[in-house]
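Enquirer: build me a model from this:
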Amino acid sequence: MSTTTIRAEHVGSLLRPDELLAAHAEHQRGALPAERLRELEDAAAAAALKLQQDAGIQVFTDGEVRRENFMASVVETVGGLVPAEESSARPRWHRDADGAELEGEVASVAIGEPLYRRTPLSRTEARWLAENSPGPYKITMASPTMVAGFWRPGVSDGVYPTRQDAVAALAEIHRQDIADLIDAGVTWLQLDSLAYWANIDPKAARMRRVTDLDGHLSHVIDTDNSLIRAARARRPGMNVAMHFCRGNMRSAWSARGGYEPIAERIFDEVEVDRFLLEYDTERSGGFGPLRFVPPTKTVVLGLVSSKVADLESVDTLRRRIDEASQYLPLEQLAISPQCGFASTSRGNLLTVDDQRRKLELVAETARLVWG
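Expert: The predicted structure follows:
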């Protein structure tokens, strides 16, 4: 199936069963053997596949159920990170539903030693999906540009003099992982790249201490493209996508701002086939920036919220797709939730039934709009 005909998609992560969360906690305490944990992870992944298939989603993941969080492709699989005090450069989290201010759930670590490849978790995911997926599947991977937040003056600069040096080291590890994934049969890769925050949200730029916005944008684009080119050099015709949101943790967000400041460059220069873009609230701005998308690329509109249980109406979603089609032809559009349902293992504040209804809504809307 051509990726251009896939209209109903989801970003990647799904809510973990309570049994699996308990099992991970037991395993960390040394009370559950790795073999039993793997059995429970496989069962949760199988349930995730069935949920997606029953809902009508057209491209599959294992729900990322083996991961502690979406940064697992770095934190859980790369060596050279050491525990660290909380940094002032860490994101601040805000939840609309109750006005809560939350602490992040990704472990506070810093680069303390040369980065090295430890246990490529995504290869386990890929091999399992190759044997079990009922249709096209994708592997998601955090962009190496996100390791810049783990570079700390006084801790990391003895290993890597600059943040850019650290990002380059992780990018090389990611290229090795991508080669392994392709050799395992993967034909669809999705980069989760949030380093663009600094260019759309002045608060994020100050927090990350980014002063050269043009230079920062060029560095992020070049780094992401280096992975995309490596993938296609290994497998010509490889499908590559990029997801970009404003943070997703326990139904909270961290950044805000429309795509206008970066649209002309990222849509033209980032060499992906699909952009999965957050569009569920006013924090993402309007659809005008889609006018810069070339005719060879698809935009998956993240119109359905994975943060709240309230179900959007089909009529509202169809109206918003019509609005987007004023800037980008309908044949270049698709629909999804704005982000995953469980970017961290505890997940957003929805039930499994809420999640199912959201995925069914995505698929139903796609059928009504595209047939």
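
Enquirer: all contacts plus neighbour counts: C-alpha atoms, from now on.
Expert: OK.

Enquirer: what helices or strands is the least confident helix or strand in the chain by mean pLDDT leaning on?
Expert: In the chain, no helix or strand scores lower on mean pLDDT, DSSP states H and E than helix 72-75, which sits at a mean of 79. Where contact means 3 or more C-alpha pairs under 8 Å, 6 or more residues apart in numbering; DSSP states H and E, helix 72-75 is packed against helix 121-132, strand 139-142.

Enquirer: tell me which of these lies nearest to residue 165.
Expert: Nearest to residue 165, of all the helices and strands packed on helix 72-75, is strand 139-142, at 17.5 Å by C-alpha to C-alpha.

Enquirer: ok, the closest one: who's next to it in the sheet?
Expert: Paired strands of strand 139-142, with direction, are strand 188-192 (parallel) (DSSP bridges).

Enquirer: and the next helix or strand past the strand it pairs with?
Expert: Secondary structure here is assigned by DSSP states H and E; on that basis, the next helix or strand after strand 188-192 toward the C-terminus is helix 197-200.

Enquirer: got the contact list for that next one?
Expert: 204-206, 208, 210, 213, 217, 246, 255-262 (C-alpha atoms under 8 Å, 6 or more residues apart in numbering).

Enquirer: make it 10 Å
Expert: Surrounding helix 197-200, the residues in contact under the criterion C-alpha atoms under 10 Å, 6 or more residues apart in numbering are 203-214, 216-217, 244-247, 254-263, 284.

Enquirer: out of the residues you listed, which end up buried?
Expert: The neighbour-count criterion (16 or more other C-alpha atoms under 10 Å) marks 203-205, 207-208, 216-217, 244-247, 254-260, 262-263, 284 among the contacts of helix 197-200 as buried.

Enquirer: contacts only, for the residue nearest to residue 307 when sequence neighbours are not counted.
Expert: On the basis of C-alpha to C-alpha, 6 or more residues apart in numbering, the spatially nearest residue to residue 307 that is not a chain neighbour turns out to be residue 251, at 4.4 Å. Contacts for residue 251 were tallied using C-alpha under 10 Å, 6+ apart; they are 93-97, 305-308, 341-343, 347-350.

Enquirer: all strands of the stretch 51-200 of the chain, in order?
Expert: Listed in chain order, the strands found in the stretch 51-200 of the chain under DSSP state E, counting those that start in this stretch are 78-83, 93-94, 101-102, 109-117, 139-142, 188-192.

Enquirer: reformat these as a markdown table; add mean pLDDT.
Expert: Below are these laid out as a markdown table (pLDDT from 0 to 100):
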| stretch | mean pLDDT |
| --- | --- |
| strand 78-83 | 92 |
| strand 93-94 | 91 |
| strand 101-102 | 89 |
| strand 109-117 | 93 |
| strand 139-142 | 94 |
| strand 188-192 | 97 |
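
Enquirer: nearest to residue 4 among those strands would be which one?
Expert: Closest to residue 4 of the strands of the stretch 51-200 of the chain is strand 188-192 (C-alpha to C-alpha; 12.7 Å).

Enquirer: which residues sit against that closest one?
Expert: 3, 11-12, 59, 70-71, 136-146, 178, 181-182, 224, 227-228, 231, 237-245, 272-276.

Enquirer: 6 Å - rerun?
Expert: Contacting residues not belonging to strand 188-192 are listed as 138, 139, 140, 141, 142, 143, 239, 240, 241, 242, 243 [C-alpha atoms under 6 Å, 6 or more residues apart in numbering].

Enquirer: the fourth one: how many residues sit nearby?
Expert: Same thing as residue 141. Residues within reach of residue 141, counting by other C-alpha atoms under 10 Å, total 23.

Enquirer: repeat that for the one 10 residues further on.
Expert: Here the neighbour count serves as a burial measure; for residue 151 (other C-alpha under 10 Å) it reads 25.

Enquirer: likewise residue 113?
Expert: Applying other C-alpha under 10 Å, I find that residue 113 has 16 neighbouring residues.

Enquirer: now it: closest residue in space that isn't a chain neighbour?
Expert: For residue 113, the nearest residue in space outside its immediate sequence neighbours is residue 80; the separation is 4.4 Å by C-alpha to C-alpha, 6+ apart.

Enquirer: all set, thanks.
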